[in-house]
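S.K.: sequence first, then the predicted structure, then my questions.
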Amino acid sequence: MTTRTRFCLVLALVLFAGLAAGSVCVGAYPLSLGQIGQLLLGGLRDTMESRVFFTLRLPRTAMAVLAGLALGAAGGVYQTVFRNPLASPDLTGVAGGASFGAAAAIVLGAGSAGQIMGGAFACGLLSLGAVLGLVKAARADRTATYVLAGILVSALAEAGVMLLKTLADPEKELAAIEYWTMGSLAGMTLAKLAAAAPPVLAGLGLVLAFRRQAALLSLGDESARASGLEPGRWRGLLLGLTALMVAAVVSVAGGIAFVGLIAPHIAYGLLRRRGGVFLPLCALVGADLLLAADLLARSAGGGAELPLSIFTVLFAAPVLAGLILKGRGNPDAA
């Protein structure tokens, strides 16, 4: 491991530790690190501090970490496999499909957060199935086919969400749909965390284990076959695993913009290569971004909870502006 690689990982981990500590401390009822230490050691039982930490802060922080890891790693996989610096988790249509499923559940009168989660998760996976079905029907297992199929499914899902908005009750359902599509961790509970964690952790573990195969796919189908990989099979597997993670995240946190797009660019800017620890670094950067966004969402609104995507879009702006300036006069520079 080179000095640069160690520095990048240590930097991402130090930021992660600081942001996670801030996440469990900051809020309407602030907690100190000393109090949290006591709570973790079994002290302060049956106190307000205990209820705030275990019921509110810990599930919210853990979900921010899981969502950031999943979106960052998914973005790294898409940009590596598709060899496209603008690829993101939205590419497979999973995020759009999950948002449509959540909106449909809300309009149909879902009585619980679990029903909304179920609708989002089911429609997210159905969207992936639609993309893979289109690719198979086209009999053209190429990167461009996946991209076009993802754009088509995402567009149809967005049209469905817009239709549902016109049918929704303006006073209740419409506001819920709008807030969902911008992402939030405000209502996170242990039950929601427990529902989302298994698919996220399973998908993340396998994606990181298969990072060598993803890197080989980035060399092109012929090079991948020469290395003993079947491109279609591995591309489908990696897309399926990332879709599982993204659907699980969207089902509990709503739509979160740009994390999966900019985390790989930040990781590449630090590491200067896409092999080795690139995907783990993408995941860590994603977690850092989402922890920072969530801290701002709960503290910058003057007592009101703001949507996460407000801040992830603000984070994305300088990264995308840098890509534009870097590619000036060279459209392939990004």
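M.R.: Nice, I can see it.
S.K.: low-scoring stretches of the stretch 101-250 of the chain, by residue?
M.R.: 111, 141, 143 (pLDDT under 70).
S.K.: residue boundaries of the helices in it?
M.R.: 113-138, 143-167, 173-182, 190-209, 211-217, 221-226, 231-253 (DSSP state H, counting those that start in this stretch).
S.K.: between those, which gets nearest to residue 17?
M.R.: helix 190-209 (19.1 Å; Cβ to Cβ). Where you see a C-beta, it was placed from the backbone N, CA and C, and this is true even at glycine.
S.K.: same for the closest one, what does it pack against?
M.R.: Other helices and strands packing on helix 190-209, by 3 or more Cβ pairs under 8 Å, 6 or more residues apart in numbering; DSSP states H and E, are helix 58-81, helix 113-138, helix 231-253, helix 278-299.
S.K.: pick the most deeply packed of those helices.
M.R.: Highest mean neighbour count among the helices and strands packed on helix 190-209 (mean count of other Cβ atoms under 10 Å): helix 58-81, with a mean of 27.
S.K.: so for residue 70, which of the helices of the stretch 101-250 of the chain sits nearest?
M.R.: Short answer: helix 231-253, nearest of the helices of the stretch 101-250 of the chain by Cβ to Cβ, at 3.9 Å.
S.K.: got the angle for that closest one vs helix 113-138?
M.R.: 160 degrees (axes from the mean of the first three to the mean of the last three Cα atoms, to 10 degrees).
S.K.: helix 143-167 and helix 231-253, what's the angle between them?
M.R.: Going by the same axes, to 10 degrees, helix 231-253 makes 20 degrees with helix 143-167.
S.K.: same for helix 231-253, what does it pack against?
M.R.: helix 58-81, helix 94-107, helix 113-138, helix 190-209, helix 211-217, helix 221-226.
S.K.: how close does residue 188 get to residue 121?
M.R.: Distance of residue 188 to residue 121, given as Cβ to Cβ, to the nearest Å: 16 Å.
S.K.: one more: residue 274?
M.R.: Applying Cβ to Cβ to residue 274 and residue 121 gives a distance of 30 Å.
S.K.: and what of residue 307?
M.R.: Distance from residue 307 to residue 121, by Cβ to Cβ: 21 Å.
S.K.: how about residues contacting stretch 139-149?
M.R.: Here stretch 139-149 makes contact (Cβ atoms under 8 Å, 6 or more residues apart in numbering) with 81-84, 87, 91-93, 130-131, 134-135, 138, 221, 231-232, 235, 239.
S.K.: please write out the alpha-carbon positions of that stretch in PDB.
M.R.: The C-alpha coordinates for stretch 139-149 follow below in PDB (Å, rounded to 0.1, in the frame of the first residue of the first chain):
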ATOM      1  CA  ARG A 139     -29.800  -9.100 -27.400                       C
ATOM      2  CA  ALA A 140     -27.100  -6.400 -27.000                       C
ATOM      3  CA  ASP A 141     -25.200  -6.800 -23.800                       C
ATOM      4  CA  ARG A 142     -23.300  -3.600 -24.100                       C
ATOM      5  CA  THR A 143     -22.700  -0.700 -21.800                       C
ATOM      6  CA  ALA A 144     -24.800   1.700 -24.000                       C
ATOM      7  CA  THR A 145     -27.700  -0.700 -23.800                       C
ATOM      8  CA  TYR A 146     -27.700  -0.700 -20.000                       C
ATOM      9  CA  VAL A 147     -27.500   3.100 -20.000                       C
ATOM     10  CA  LEU A 148     -30.400   3.600 -22.400                       C
ATOM     11  CA  ALA A 149     -32.500   1.000 -20.600                       C
END
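S.K.: when you give positions from now on, start the count at 58
M.R.: Sure, I'll start counting at 58 from here, so that last one is stretch 196-206.
S.K.: so what's the gap between it and the chain middle?
M.R.: On the basis of Cα atoms, centre = their mean, to the nearest Å, stretch 196-206 sits 23 Å off its chain's mean C-alpha point.
S.K.: could you count how many residues lie near residue 258?
M.R.: Residues near residue 258, counting by other Cβ atoms under 10 Å, number 15.
S.K.: excluding its backbone neighbours, what's nearest it?
M.R.: residue 123 (7.4 Å; Cβ to Cβ, 6 or more residues apart in numbering).
S.K.: for residue 161, same thing?
M.R.: Nearest residue to residue 161, sequence neighbours excluded (Cβ to Cβ, 6+ apart): residue 176, at 5.7 Å.
S.K.: over to residue 183?
M.R.: Counting by Cβ to Cβ, 6+ apart, residue 183 lies nearest to residue 154, which is 6.1 Å off, once chain neighbours are set aside.
S.K.: distance check, that neighbour against residue 322.
M.R.: Noted for residue 154: a distance of 25 Å to residue 322, by Cβ to Cβ.
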